[in-house]
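Trainee: Could you look at this predicted model? Sequence included:
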Amino acid sequence: SGAFDPELWRRDFPVLKRQVHGKPLVYFDNANTAQKPQVVIDAVEGYYRDYTANVARAVHSLGEQATAAYEGARDKLARFLNAGSRDQLVFTSGTTQAINLVAYSYALPRLQPGDEILVTQMEHHANIVPWQLVAARTGATVKAAPITPEGELMLDRFEAMLTPAVKLAAVAHVSNVIGTVNPVAQIARLCRSRGVPLLVDGSQACPHQRVDLQAIGCDFYAMTGHKLFGPTGTGALWARREHLQAMPPFFGGGEMIRTVSFDGTVFADPPHKFEAGTPNIAGFIGLGAAVDYIEGIGLERIQAYESELLAYATDALLGVPGLRLFGRAAHKAAVLSFLVEGVHAHDLATLLDHEGVAVRSGHHCAHPLMQFFGVPATARASLAFYNTREEVDAFVRALDKVRKLLA
Ligand code: PMP
């Protein structure tokens, strides 16, 4: 422990040494995808260099080593999330695939005309569109619980909307646009008391706070590895055991069966039942290394540091004339969506890039939330534990320059 020194951790990330347009990179697009520490890069490279082989198929040494590393990553992630059992973690290509798996394997066979799926106004499209697709096939509908102007879920309204017609609820743990941290354990209790299964979209939570699946008490939890400093194309679905057992597989193929004949096929047990074909082996080995790395720092320390940095950045941004900050939830992660009066979000992001500052602009895959705020797009600075106050200062200086140029 001791004081949290981001400079120490920055050394582990090769990309943070680089320049953009002749300026030191200030990477504030972590909610989009996070940078990778050298240990993750080494783990991926090590697999390709030293023991490339398929998993769960070969008894030769390389195959055994690859399988041990791949399944070892599942153990690490299971401990990291307090998953209960490693068998409850299905590897997916990311949150999007995890949510689609629940939509098609769990929701689709159960939905009837008139049924409802309850989401919130702040969801990412990945937690809206899959439900709309299965709703369209079944005659069900998707409805959204409202949020306050500060960007907090109206819990009483959410509770009132949990009618008997609701067959599934799906809520972001942390908003990718405004950083709101939703009280998912409380939401899970509400849902359970009414017999409604709850899916939590944990994409933006896992990199910033301790996620304890036993404590949350939801039915499904989706996460993404590339935002957790791991490789792209990695993620997981956690689900209650009884759901995984009841769900039919979504994809069929090799590695997901026990026996196959033309009279019928017996599927493997979860999680392999849902992992047809050759997976992203190198990616998950890299994700295992990312989990080890994050555990070595400690999520509690990361969360404490990031909340200080958020307070610092919020104060700094509020000092910029004409700046509108979106989302002021009491409990929020270090995500700052903003606009400067008279300046388009894309122009902001483009000119900030010329100053070396990477922010995202656009609708952030959250059209309904943009509609709520009445804007087509925002610029978004999303921070990680390797960001510093000096970077926030550089960002605000760059913003000032851009504002004077354009406003
Ligand atoms: N949900 C949220 C809240 C997200 O932020 C994202 C990624 N921006 C996703 C879902 C989708 O994750 P992925 O693209 O990794 O599947």
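Mentor: Received it, and whenever you're ready, just let me know what you need.
Trainee: and Cys218, how many residues sit next to it?
Mentor: By the criterion of other Cβ atoms under 10 Å, Cys218 has 24 neighbours. For glycine as for every other residue, the C-beta is placed from the backbone atoms N, C-alpha and C.
Trainee: and if you look at Lys273?
Mentor: By the criterion of other Cβ under 10 Å, Lys273 has 23 neighbours.
Trainee: now do Ile41
Mentor: Here the count is done by other Cβ under 10 Å, and Ile41 has 16 residues near it.
Trainee: How about the one 3 residues further on?
Mentor: Other residues near Val44 come to 21 when the count uses other Cβ under 10 Å.
Trainee: Please apply the same query to Phe284.
Mentor: Neighbours of Phe284 under the rule other Cβ under 10 Å: 30.
Trainee: residues in contact with it?
Mentor: Contacts for Phe284 (Cβ atoms under 8 Å, 6 or more residues apart in numbering) come out as 70, 73-74, 91, 225, 234.
Trainee: That one sits in which helix or strand?
Mentor: In this assignment (DSSP states H and E), Phe284 forms part of helix 281-297.
Trainee: Counting neighbours, which bits of that helix end up buried?
Mentor: Burial within helix 281-297, assessed by neighbour count using 16 or more other Cβ atoms under 10 Å, is assigned to 281-291, 293-294, 297.
Trainee: Quick check: phi and psi at the residue of the stretch 251-400 of the chain found nearest the ligand.
Mentor: Per Cβ to the nearest ligand atom, Cys365 is where the stretch 251-400 of the chain lies closest to the ligand, at 6.0 Å. With angles defined as degrees, to the nearest 10, Cys365 sits at phi 50, psi 40.
Trainee: which non-adjacent residue is nearest it?
Mentor: His125 (4.3 Å; Cβ to Cβ, 6 or more residues apart in numbering).
Trainee: swap in Asp12?
Mentor: Spatial nearest neighbour of Asp12, chain neighbours left out: Pro37 (4.2 Å); criterion: Cβ to Cβ, 6+ apart.
Trainee: Just list the residues touching that neighbour, thanks.
Mentor: Counting by Cβ under 8 Å, 6+ apart, Pro37 touches 12-13, 229, 290, 293.
Trainee: got it, and Ala73?
Mentor: 284-285, 287-288, 291.
Trainee: what do you get for Val392?
Mentor: Going by Cβ under 8 Å, 6+ apart, Val392 touches 309, 312-313, 316.
Trainee: give me every residue that touches the nearest residue to Lys167 once chain neighbours are set aside.
Mentor: Nearest non-adjacent residue to Lys167, counting by Cβ to Cβ, 6+ apart: Asp115, 4.6 Å away. Applying Cβ under 8 Å, 6+ apart to Asp115 gives the contacts 138-141, 165-167.
Trainee: ok, now with 6 Å
Mentor: Contacts for Asp115 (Cβ atoms under 6 Å, 6 or more residues apart in numbering) come out as 140, 165, 167.
Trainee: ditto for Val196
Mentor: Residues near Val196 by Cβ under 6 Å, 6+ apart: 162, 166, 169.
Trainee: mind listing which of those residues are in strands?
Mentor: Mapping the contacts of Val196 onto strands (DSSP state E) picks out 166, 169.
Trainee: from the contacts of Val196, which single one is nearest the ligand?
Mentor: Taking Cβ to the nearest ligand atom as the measure, the ligand lies nearest Ala169 of the contacts of Val196, at 15.4 Å.
Trainee: what are the bridge partners for that closest one, then?
Mentor: Per DSSP bridges, the residues bridged to Ala169 are Leu118, Leu198.
Trainee: For it, give me the pLDDT.
Mentor: Looking at Ala169, its pLDDT reads 98.
Trainee: ok, back up a step: output the contacts of Asp115 in JSON lines; the columns should cover distance to the ligand.
Mentor: JSON lines is the format used below for those (distance: Cβ to the nearest ligand atom, whole Å):
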{"residue": "Ala140", "distance to the ligand": "21"}
{"residue": "Ala165", "distance to the ligand": "25"}
{"residue": "Lys167", "distance to the ligand": "21"}
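Trainee: Now the buried members of the residues you listed.
Mentor: Buried subset of the contacts of Asp115 (neighbour count, 16+ other Cβ under 10 Å): 140, 167.
Trainee: State the phi and psi torsions of the residue nearest to Thr163 when sequence neighbours are not counted.
Mentor: Leaving aside its chain neighbours, Thr163 sits nearest to Glu116 (7.2 Å; criterion: Cβ to Cβ, 6+ apart). For Glu116, the backbone dihedrals (degrees, to the nearest 10) come out as phi -130, psi 150.
Trainee: Give me the pLDDT value at the residue nearest to Cys365.
Mentor: The model's pLDDT for His125 equals 96.
Trainee: Okay, it and Ile117: tell me how far apart.
Mentor: Distance of His125 to Ile117, computed by Cβ to Cβ, to the nearest Å: 14 Å.
Trainee: Neighbour count: the two, which is higher?
Mentor: Neighbour totals were compared for His125 and Ile117, and Ile117 leads with 27 against 15 (other Cβ under 10 Å).
Trainee: my guess is the more buried one meets Val142, correct?
Mentor: Yes. Between Ile117 and Val142 there is a contact under Cβ atoms under 6 Å: 4.9 Å.
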